[in-house]
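Engineer: compute the structure for the input listed below.
(2 chains)
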Amino acid sequence: AQKVTQAQTEISVVEKEDVTLDCVYETRDTTYYLFWYKQPPSGELVFLIRRNSFDEQNEISGRYSWNFQKSTSSFNFTITASQVVDSAVYFCALRPIIQGAQKLVFGQGTRLTINP
Amino acid sequence: KAGVTQTPRYLIKTRGQQVTLSCSPISGHRSVSWYQQTPGQGLQFLFEYFSETQRNKGNFPGRFSGRQFSNSRSEMNVSTLELGDSALYLCASSLFGVEDGYTFGSGTRLTVV
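Structural biologist: Residues are numbered from 1 along each chain as shown, chains lettered A, B, ... in the order given. Reported below is the predicted structural model:
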């Protein structure tokens, strides 16, 4: 079975602070995809990143960066110099690469509030 | 291009009734998936359709059903509504499957009273 744990239910920081959202996953599959999504108040989930389990290289996109460590089954997300617009609920998700497994297993989400 | 469109945006139903939710995917996308989001259970997979065929189904009772039409539009139906069915129902589309990257709609918020 697969499981994604986001231990931080809520995080609140002041604008311009750096913040890291933790994600730990469990899977018996050797190959899988990991995702991060952002859910603003409007409700839709916005895709942020996909990482293949073969690729442990960290990624940076503007103020966003992701740290994937297979050894600890973690895929953490860092926002540098946070802004009020970053306020949202963030979800980490796992998809095993098994034929027919067309679904995502989501963590419970972390509600991030950036205060001005 | 237009995104994923879900209708209606909000819905209030009475316990015991049935409801149909609609999802129009991005043009050209053939895979449509449905998720239920509740405060207690979080985001849970309902089912996925590809070219009018259900490819995957989550662990939900038979009261939850869906279908996909030849134009890739999808509907999901919940019969004999229960209070616990109150949730945000999200639809996501992709070209061929989840690894292509989902695009989600804004969801239908269903309230059962």
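Engineer: next to chain A, which bits of chain B? Give me the list.
Structural biologist: Residues of chain B lying close to chain A (CB under 8 Å from any CB of the partner chain) are B:3-4, B:31, B:33, B:35, B:42-45, B:48, B:50, B:55-56, B:58, B:88, B:90, B:92, B:97-99, B:101-107, B:109. Every residue, glycine included, has its C-beta placed from N, CA and C.
Engineer: helix or strand with the lowest mean pLDDT in chain A?
Structural biologist: Here the helix or strand of chain A ranked lowest by mean pLDDT, DSSP states H and E is strand A:59-61, holding a mean of 87.
Engineer: got the contact list for that one?
Structural biologist: Strand A:59-61 is contacted from outside by A:49, A:51, A:65, A:66, using CB atoms under 8 Å, 6 or more residues apart in numbering or on different chains.
Engineer: who's residue B:36 bridged to?
Structural biologist: Residue B:36 has these beta-bridge partners by DSSP bridges: residue B:44, residue B:89.
Engineer: could you measure from it over to chain A?
Structural biologist: Separation of residue B:36 from chain A (CB to the nearest CB, to the nearest Å): 11 Å.
Engineer: helices or strands up against the helix or strand where residue A:75 lies?
Structural biologist: Per DSSP states H and E: residue A:75 is located in strand A:74-79. Secondary-structure packing of strand A:74-79 (3 or more CB pairs under 8 Å, 6 or more residues apart in numbering or on different chains; DSSP states H and E): strand A:19-21, strand A:24-26, strand A:32-39, strand A:64-69, strand A:88-96.
Engineer: kindly reformat the ones you listed as CSV containing mean pLDDT, mean neighbour count and distance to chain B.
Structural biologist: CSV is the format used below for those (pLDDT from 0 to 100; neighbours: other CB atoms under 10 Å in any protein chain shown; distance: least, CB to the nearest CB, whole Å):
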stretch, mean pLDDT, mean neighbour count, distance to chain B
strand A:19-21, 98, 18, 15
strand A:24-26, 97, 16, 14
strand A:32-39, 94, 21, 6
strand A:64-69, 95, 17, 15
strand A:88-96, 94, 22, 5
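Engineer: can I get these in JSON lines with distance to residue B:15?
Structural biologist: Formatted as JSON lines, the helices and strands packed on strand A:74-79 follow (distance: least, CB to CB, whole Å):
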{"stretch": "strand A:19-21", "distance to residue B:15": "37"}
{"stretch": "strand A:24-26", "distance to residue B:15": "36"}
{"stretch": "strand A:32-39", "distance to residue B:15": "28"}
{"stretch": "strand A:64-69", "distance to residue B:15": "43"}
{"stretch": "strand A:88-96", "distance to residue B:15": "28"}
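Engineer: so for residue A:81, which of those sits nearest?
Structural biologist: strand A:19-21 (9.9 Å; CB to CB).
Engineer: how far away from the center of its chain is that closest one?
Structural biologist: Relative to its chain's centre, strand A:19-21 lies at 10 Å (CA atoms, centre = their mean, to the nearest Å).
Engineer: sheet partners, orientation included, of it?
Structural biologist: Next to strand A:19-21 in the sheet, as set by DSSP bridges, lie strand A:74-79 (antiparallel).
Engineer: strand partners of the least confident helix or strand of chain A, parallel vs antiparallel please.
Structural biologist: The strands that strand A:59-61 pairs with in its sheet are strand A:64-69 (antiparallel) (by DSSP bridges).
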